[in-house]
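Undergrad: Pasting the sequence and the predicted model now:
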Amino acid sequence: MSNKTLGLSPQLHDYLLSTSVREPELLTQLREETAKLPMSNMQIAPEQGQFMALLVQLMGAKKAIEIGVFTGYSSLAVALALPENGKLVACDVDEEYTAIARRYWEKAGVSGKIDLHLAPALETLDRLLEDGQAETFDFAFIDADKRNYPNYYEKSLQLLRRGGLIAIDNVLWSGRVADSEDTDKRTQAIRDFNQKLYEDDRVTLSLVPIADGVTLALKR
C-alpha cells in the first residue's frame, strides 16, 4: 500500500502537491495524526482524497458508501464534498481507528452526514439490500480486505444506480501485481480482481494510476 502516488520522484510529487492539492486544514491535521500510527500506510494520499471529492461533486452525488474507514480521511473528504442533505454509509470493524474518524467528522461538522456501521461490511451491505436500497446509491469506495474485493464489488454494484460509480483502491498494490514472482495471496487476489473487472461488461472501466492505483467502474 502507498499513501502517495507511485512512480513519482520526491521532487515531482512535491510539485504535484504544491500546485494542485488544496487540502482543508482538518484533513491536513488528520493526515499528520494518522502518520504517527503503526498502520499509517493504510491512509489514502491527499491527491487521491481530492480526486475522489471532485468525482463526487462532478456526479452531483447525494448518497455514498465507503467500505473501509480506517481513521476517516477518505470519508471526511467525501462527506465535505456531499451536499448538506447527502449521506455516507461507512463500513468498518475497528472501534479504535474509527474513534479518530468520528472526532474529525465532528470537528468538520459532517458527522450528521455519516452513518458508521461497526460490523463486517458484507453484513451491512446485505442489510442495505434487504431494506430495499438497491440502485439508490451514487458512489461507492472500496478500500478494505483485498480477498473480499469481489464480494464488496458485487454488493456495491447492486446498490448503485445506473450511472453510479465505484472507486476501488490499491489495485496496483505498490507495483507487486506486475511482479510475476510475487505469489502472495493478497497480491494474487488483486490480480484476479483486476482481471474480473477487465472482463465485466456491466461497467465502463478505467484504472487511474493515482496513489496506489484506483479503478473507476461506472455502472452501465
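TA: Here it is on my side, so go on.
Undergrad: Quick one: residues contacting residue 53.
TA: Each residue near residue 53 by C-beta atoms under 8 Å, 6 or more residues apart in numbering is listed here: 77-78, 80-81. To be clear about C-beta, it is placed using only N, CA and C from the backbone, and glycine gets the same treatment.
Undergrad: Let me have these in a markdown table, extended by secondary structure.
TA: Listed next are the contacts of residue 53 as a markdown table, based on DSSP: H, G, I helix; E, B strand; the rest coil:
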| residue | secondary structure |
| --- | --- |
| 77 | helix |
| 78 | helix |
| 80 | helix |
| 81 | helix |
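Undergrad: where along this protein do the helices fall?
TA: For the chain, helices defined by DSSP state H occupy the ranges 10-20, 25-34, 46-59, 73-81, 95-108, 121-130, 149-159, 185-198.
Undergrad: mind checking which of those helices is nearest residue 176?
TA: helix 185-198 (4.8 Å; C-beta to C-beta).
Undergrad: can you list contacts of that closest one?
TA: Residues contacting helix 185-198 (C-beta under 8 Å, 6+ apart): 146-147, 149-150, 153, 168, 170-171, 173, 176-177, 179, 203, 205, 207, 215, 217.
Undergrad: before we move on, what about stretch 110-127?
TA: Contacts of stretch 110-127 (C-beta under 8 Å, 6+ apart): 65, 67-69, 75-76, 79-80, 82, 86-95, 98, 101-102, 105, 144, 148, 151-152, 155-156, 159.
Undergrad: Only whichever of those residues are buried, select them in ChimeraX.
TA: Buried residues within the contacts of stretch 110-127, by 16 or more other C-beta atoms under 10 Å, are selected in ChimeraX with:
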select :65,67,68,69,75,76,79,80,82,86,87,88,89,90,91,92,93,98,101,102,105,144,148,152,155,156,159
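Undergrad: Which residues does the residue lying closest to residue 163 once chain neighbours are set aside form beta bridges with?
TA: Leaving aside its sequence neighbours, residue 163 sits nearest to residue 219 (C-beta to C-beta, 6 or more residues apart in numbering; 6.5 Å). According to DSSP bridges, the residues that bridge with residue 219 are residue 203.
Undergrad: Residue 219 contacts residue 156, correct?
TA: No: here residue 219 lies out of contact with residue 156, judged by C-beta atoms under 8 Å, at a distance of 9.1 Å.
Undergrad: Report the set of residues contacting both of those two.
TA: In contact with both residue 219 and residue 156: residue 166, using C-beta under 8 Å, 6+ apart.
Undergrad: what does stretch 144-153 contact?
TA: By C-beta under 8 Å, 6+ apart, stretch 144-153 touches 67-68, 91-92, 121-122, 125, 142, 166, 168, 170, 173, 185-186, 189-190, 192-193, 196-197, 217.
Undergrad: who does the top strand by length along the chain pair up with?
TA: Identified as the longest strand of the chain according to DSSP state E is strand 160-169. Each strand paired with strand 160-169, and its direction, by DSSP bridges: strand 137-142 (parallel), strand 214-219 (antiparallel).
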